[in-house]
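Asks: structure for this input, please:
(chains A and B)
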Amino acid sequence: MLAVAVGALALVAGLGLALPTDLPPLRPDELASIGSLGPWPPPAARDASNRVSGRAEAAALGEALFHSTRLSTVGGLRCASCHEPWRRFTDGRARALGAEAGAATRRACSTCGCSTGSAGTAANDSLWSQSIRPMLDAREMRADAAHVAQALRDDENLKRLYALAFGHAPPADDETALVDAGKALAAYQETLASERTPFDAFRDALVRGDGAAAERYPVAAQRGLRLFIGRGQCIACHAGPNFSDGEFHRSRIASKLHDGAPTAAARSASRSCWPARTRAAAASTTRPMPHRDPHRSRRKPAPSARRACARSARLRPTCTTAASPTCAMRCSRMPRSKAGRMPALTLAERRDLVAFLRTLGRSGASGAGRRRRDDLPLKPQRAFLLRLNAFRPGEGRACCRMVRIDSMR
Amino acid sequence: MSAIEAKQYDKAIKLLQSYLSRANDTDAYAENWIAYSYRKSGQLDQAFLHYDKALKIDPQHRGAHSYLGEAYLMAGNVPKAEEHLKVLDKLCFLPCTEYTALKKAVAYYKQNGRVDPAAK
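Replies: All right, here's what the predicted structure looks like:
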């Protein structure tokens, strides 16, 4: 009996030694970097280019417009068809449905968290102008200014809400009505913020100096965070409370064909958007260089690492942060520039990075065993098999992601 | 419920609005029923808004998925209706009434180009 007890104690001690709980204390520069990734949610900021930004009446009009089929000339198509609220304002597809099957060429990005500026694309630099774009796009809502203005004038509910938001009846000028509709939509989208995550609790605990609260953050995630802000240099682009610096970066990874060859756009961008002077500048730094040029309409800002699962079209039914392994893989390979090539991450480091990225989801790593309500469930037997196949002792919910990483080696 | 069963949709909408103002976005069933009332009274935009609210509260609400699919059919958007049919297929381990009803409605629409007037 004594031997068994001693054996058990030795096992526990051995396990304890094996667990890397003795991470070195964070250096001041690391603490500063982590502090810069918050607070979340950020304080509300008004869009200076939108006179109804921050007004509840405008948000109410925007909500009505967002769910209305009247903005589109295509039957039954509305903003919420692709930005479905129950799927975190995206539709879980690699390409949105659009006006007809195969018509749309873009993925429906989540409109959640727009107030932090993450929703802007290269083509539009404000949320309200970005909101107008799908309405006028022939591949999407296929409307025009006259159609939108007519909807505002004809629909009793929209007319009433417009008067409350703007203080007068819908204008006779179609262009003005279209811009006002975009501004109301932007005012609504500004109210959509993602929830706090386990990482935010950790970051706030560090800022407060609350060691006990900070200890609740998983060790693997802490190691991943150190990689994120340190050797991985992910923070170079995924900076700030929204994990995006909002700048436009050169990324060949995002512009590759299935066989790995760069697309024509990427080749063109590499030549014309990456002038010699910038290349020389890059030689002295590993930080990806933001660029502003005529070709920027092909680019998008660094996507926010928050809500990564909401953006993943292919994998989201199975994994709560399905995009994370992909992201970790990309992080471990990019950038490929001569001067800026980063050391490849080991499998264990990728796992740590994924563990960290998972804590940027709502339930995160601390929600082991809980299924997110807004993720579609698999059929039970398939979900069980996935869990069974993917099980790694001690890794909790990270399991199904680990399998994908293994297969991607 | 009795107002809806009696097809007094305006009355049902008023009663449900009064309840929902107190429920504070927590009752997916009430959102689903008010959306149903709006849909049956021909106010599709309001119906869409409340179906979305119901699904935001409970993304696995089978009734809301089924009825939202039917609303998309009423608006002429078959691909979205089929998308909700797929969702129901995943949600229902065994065949469920919501899945069967929407499947029937989609099939009818594809065959006749209009919504089944006898559909509930």
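Asks: how about the helices in the stretch 151-300 of chain A?
Replies: Secondary structure of the stretch 151-300 of chain A (DSSP state H, counting those that start in this stretch): helices at A:156-166, A:174-189, A:198-208, A:211-214, A:219-229, A:264-272, A:276-283.
Asks: what angle do the fifth one and helix A:198-208 make?
Replies: Right, the one you point to is helix A:219-229. Counting by axes from the mean of the first three to the mean of the last three Cα atoms, to 10 degrees, helix A:219-229 lies at 80 degrees to helix A:198-208.
Asks: flag every buried residue along stretch A:181-196.
Replies: A:181-192, A:194 (16 or more other Cβ atoms under 10 Å in any protein chain shown). To be clear about C-beta, it is placed using only N, CA and C from the backbone, and glycine gets the same treatment.
Asks: if we can go back for a sec, can you redo the helices of the stretch 151-300 of chain A as CSV with distance to chain B and mean pLDDT?
Replies: Formatted as CSV, the helices of the stretch 151-300 of chain A follow (distance: least, Cβ to the nearest Cβ, whole Å; pLDDT from 0 to 100):
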stretch, distance to chain B, mean pLDDT
helix A:156-166, 7, 94
helix A:174-189, 12, 93
helix A:198-208, 21, 91
helix A:211-214, 29, 88
helix A:219-229, 26, 91
helix A:264-272, 28, 40
helix A:276-283, 44, 30
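Asks: ok, which of the ones you listed comes nearest A:Leu23?
Replies: A:Leu23 sits nearest to helix A:219-229 of all these, at 5.9 Å, using Cβ to Cβ.
Asks: by contact count, what packs against that closest one?
Replies: The helices and strands touching helix A:219-229, judged by 3 or more Cβ pairs under 8 Å, 6 or more residues apart in numbering or on different chains; DSSP states H and E, are helix A:28-35, helix A:198-208, helix A:347-358.
Asks: can you do 6 Å?
Replies: Under the contact criterion of 3 or more Cβ pairs under 6 Å, 6 or more residues apart in numbering or on different chains; DSSP states H and E, helix A:219-229 touches helix A:347-358.
Asks: which other helices and strands contact the helix it packs on?
Replies: The contact analysis (3+ Cβ pairs under 6 Å, 6+ apart) places helix A:347-358 against helix A:219-229, helix A:323-333.
Asks: quick one, phi psi at the closest residue to B:Ser41 other than its chain neighbours?
Replies: Spatially, and ignoring its direct neighbours in sequence, B:Ser41 is nearest to B:Tyr9 (4.1 Å; Cβ to Cβ, 6 or more residues apart in numbering or on different chains). Backbone torsions of B:Tyr9, given as degrees, to the nearest 10, read phi -70, psi -40.
Asks: contacting residues for B:Tyr9?
Replies: Each residue near B:Tyr9 by Cβ atoms under 6 Å, 6 or more residues apart in numbering or on different chains is listed here: B:37, B:40-41.
Asks: so for B:Met1, which of the helices of the stretch 151-300 of chain A sits nearest?
Replies: Closest to B:Met1 of the helices of the stretch 151-300 of chain A, according to Cβ to Cβ: helix A:156-166, at 25.5 Å.
Asks: which residues make contact with the closest one from outside it?
Replies: Contact partners of helix A:156-166, identified using Cβ under 6 Å, 6+ apart, comprise A:52, A:57-58, A:60-61, A:64, A:152, A:169-170, A:184.
Asks: domain map for the chain?
Replies: Assuming you mean chain A. Taking automatic domain parsing as the criterion, chain A consists of the domains A:56-189, A:197-243+A:303-409, A:253-298.
Asks: sorry, I should have been clearer: chain B.
Replies: Following automatic domain parsing, one gets these domains for chain B: B:1-47, B:60-115.
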